[in-house]
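Participant: this is the structure alone, sequence omitted:
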Ligand SMILES: Cc1ncc(COP(=O)(O)O)c(C=O)c1O
């Protein structure tokens, strides 16, 4: 057992689930061989506790390291801020500078609130949306974090959220009084949304900017019309999609204007910062409801975000992410065709993803992919959060390795011996199996 997995055994004894984020649990990758912990990370390189170095062709800090790990410019700005004190009785001026910057990049907006995590920011956004519309029911699609308003969807049936990211999320501990306050609908399924809106007095519609697919024009126009007609606040969660295809949200590309847009993850290149950015009219409601927390004013998040955004703009980072995502996706497609492997590559290039098409064998096969890539020095799974540090030479070498691994997987499928090829138990997605 590697040192990371040994530590993971200890962690599970002292923390329920082992850590604070499902996406970093080894059970989601290759449970008995995944390095699990890192000692250092720089650019796209990451070192485990045994001194092994990997190239990260997987999650890049679960989407937070958009510029690459430990970006010098961001880290230098943060170190300077540390020397000046990170929390004081008086406010950090960077809070105001960052709000001004976000208003400049989101011209529809007239107000900003900050938080630290995505889930918190979404809880704030939903509170403000409910306050603004004066109605508490929410229609949503996609994943929006861990909070009560969202998990309430599973009170009336544990599988209501299964199609929105993770199957089997338990709503235990969420007040049962919240049942029937939130209603999920499928992305791009306008009819489903229309039914919800006609059956319930909806005050907010919440969608993701994009996940694997983009919203269709018809869907967006439909949502805008419904929102306008019924005076519903439209919240676009760009926590994952933001900064990856524009300097801001994907909504900018799709020719519509939300009432609130929410950013997180990549905005501080790994430092904790999230933002709720909305029209003046809607955001002014934040003064009518209590929203306040000590660490929402801590300095480093603002400093990191200002420097990250400066670099995103200066280097046209999103163009790089799209180009590299395209290179990876195209490479997967070509290699899959070469080895007669059935997979589908999704559309959102900066979070490029392949989905294997082997039904119940998918999990074993994708574990095999991770296992064989680990042997070749890569943290790899079916999705890559592309970063500015992923340069074309790195991708070429990665694809050379994928070529070998796809060939190996293809043979295992043909010989019907995928499980025999595995040196680890099989990965899991289900929440039930991860806890
Ligand atoms: C679209 C979206 N919303 C909200 C969240 C929750 O963010 P956090 O994990 O920072 O709480 C995530 C996290 O993956 C996300 O992808």
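Facilitator: Yes, it's here. All of these numbers come straight from a predicted model, not from anything done at the bench. Residues are numbered from 1 along each chain as shown.
Participant: quick one: pLDDT of the residue in the chain that the ligand sits nearest to?
Facilitator: The nearest approach of the chain to the ligand comes at residue 118, 2.2 Å away (Cβ to the nearest ligand atom). In this view, the C-beta of every residue, glycine as well, is placed from N, C-alpha and C. Note on residue 118: pLDDT of 98.
Participant: give me the neighbour count for it.
Facilitator: By other Cβ atoms under 10 Å, the residues close to residue 118 number 25.
Participant: how about the helices in the stretch 251-400 of the chain?
Facilitator: Taking DSSP state H, counting those that start in this stretch as the test, the helices found in the stretch 251-400 of the chain are 280-283, 299-314, 317-338, 362-375, 392-414.
Participant: what helices or strands is the longest one leaning on?
Facilitator: The criterion is 3 or more Cβ pairs under 8 Å, 6 or more residues apart in numbering; DSSP states H and E, and the helices and strands that helix 392-414 contacts are strand 53-57, helix 317-338, helix 362-375, strand 378-380, helix 418-421.
Participant: can I get the ones you listed in CSV with distance to residue 284?
Facilitator: Formatted as CSV, the helices and strands packed on helix 392-414 follow (distance: least, Cβ to Cβ, whole Å):
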stretch, distance to residue 284
strand 53-57, 42
helix 317-338, 31
helix 362-375, 47
strand 378-380, 45
helix 418-421, 57
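Participant: sorry, back to before: wait, what's in contact with the residue of the chain closest to the ligand?
Facilitator: Residues in contact with residue 118 (Cβ atoms under 8 Å, 6 or more residues apart in numbering) are 144-145, 237, 239, 262, 264-265, 274.
Participant: how about the helices of the stretch 251-400 of the chain in JSON lines, adding distance to residue 428 and mean neighbour count?
Facilitator: Shown next, in JSON lines, are the helices of the stretch 251-400 of the chain (distance: least, Cβ to Cβ, whole Å; neighbours: other Cβ atoms under 10 Å):
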{"stretch": "helix 280-283", "distance to residue 428": "40", "mean neighbour count": "17"}
{"stretch": "helix 299-314", "distance to residue 428": "32", "mean neighbour count": "21"}
{"stretch": "helix 317-338", "distance to residue 428": "23", "mean neighbour count": "18"}
{"stretch": "helix 362-375", "distance to residue 428": "7", "mean neighbour count": "21"}
{"stretch": "helix 392-414", "distance to residue 428": "19", "mean neighbour count": "17"}
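Participant: which one of those lies closest to residue 86?
Facilitator: Residue 86 lies closest to helix 299-314 among the helices of the stretch 251-400 of the chain, at 4.7 Å (Cβ to Cβ).
Participant: run through the neighbouring helices and strands of that closest one.
Facilitator: Identification of packing neighbours for helix 299-314 by 3+ Cβ pairs under 8 Å, 6+ apart yields helix 72-84, helix 93-105.
Participant: out of the ones you listed, which is the most enclosed?
Facilitator: Counting by mean count of other Cβ atoms under 10 Å, helix 93-105 has the highest mean neighbour count of those, with a mean of 17.
Participant: check the offset of the helix or strand just after it from the chain's centre.
Facilitator: Going down the chain from helix 93-105, the next helix or strand is strand 111-115, by DSSP states H and E. Relative to the centre of its chain, strand 111-115 is centred 19 Å away, using Cα atoms, centre = their mean, to the nearest Å.
Participant: quick check: angle from the helix or strand following strand 111-115 to strand 111-115?
Facilitator: Sequence order places helix 118-133 as the next helix or strand after strand 111-115, per DSSP H and E. Angle of helix 118-133 versus strand 111-115, following axes from the mean of the first three to the mean of the last three Cα atoms, to 10 degrees, is 140 degrees.
Participant: can we start the residue count at 196 from this point?
Facilitator: Let's use 196 as the start, then, which means that last one is helix 313-328.
Participant: quick check: mean pLDDT of the helix or strand that helix 313-328 is followed by?
Facilitator: Using DSSP H and E, the helix or strand that directly follows helix 313-328 along the chain is strand 332-335. What strand 332-335 shows for mean pLDDT is 97.
Participant: partners of strand 332-335 in the sheet?
Facilitator: Paired with strand 332-335 in the same sheet, following DSSP bridges, are strand 377-379 (parallel), strand 397-403 (parallel).
Participant: output the ones you listed in TSV; the columns should cover distance to residue 318 and mean pLDDT.
Facilitator: Formatted as TSV, the strands paired with strand 332-335 follow (distance: least, Cβ to Cβ, whole Å; pLDDT from 0 to 100):
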stretch	distance to residue 318	mean pLDDT
strand 377-379	12	95
strand 397-403	11	97
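Participant: so can I have JSON lines of those strands showing distance to the ligand and mean neighbour count?
Facilitator: Listed next are the strands paired with strand 332-335 as JSON lines, based on distance: least, Cβ to the nearest ligand atom, whole Å; neighbours: other Cβ atoms under 10 Å:
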{"stretch": "strand 377-379", "distance to the ligand": "14", "mean neighbour count": "24"}
{"stretch": "strand 397-403", "distance to the ligand": "5", "mean neighbour count": "25"}
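Participant: wait, which of those strands is closest to residue 299?
Facilitator: Nearest of those to residue 299, taken as Cβ to Cβ: strand 397-403 at 23.8 Å.
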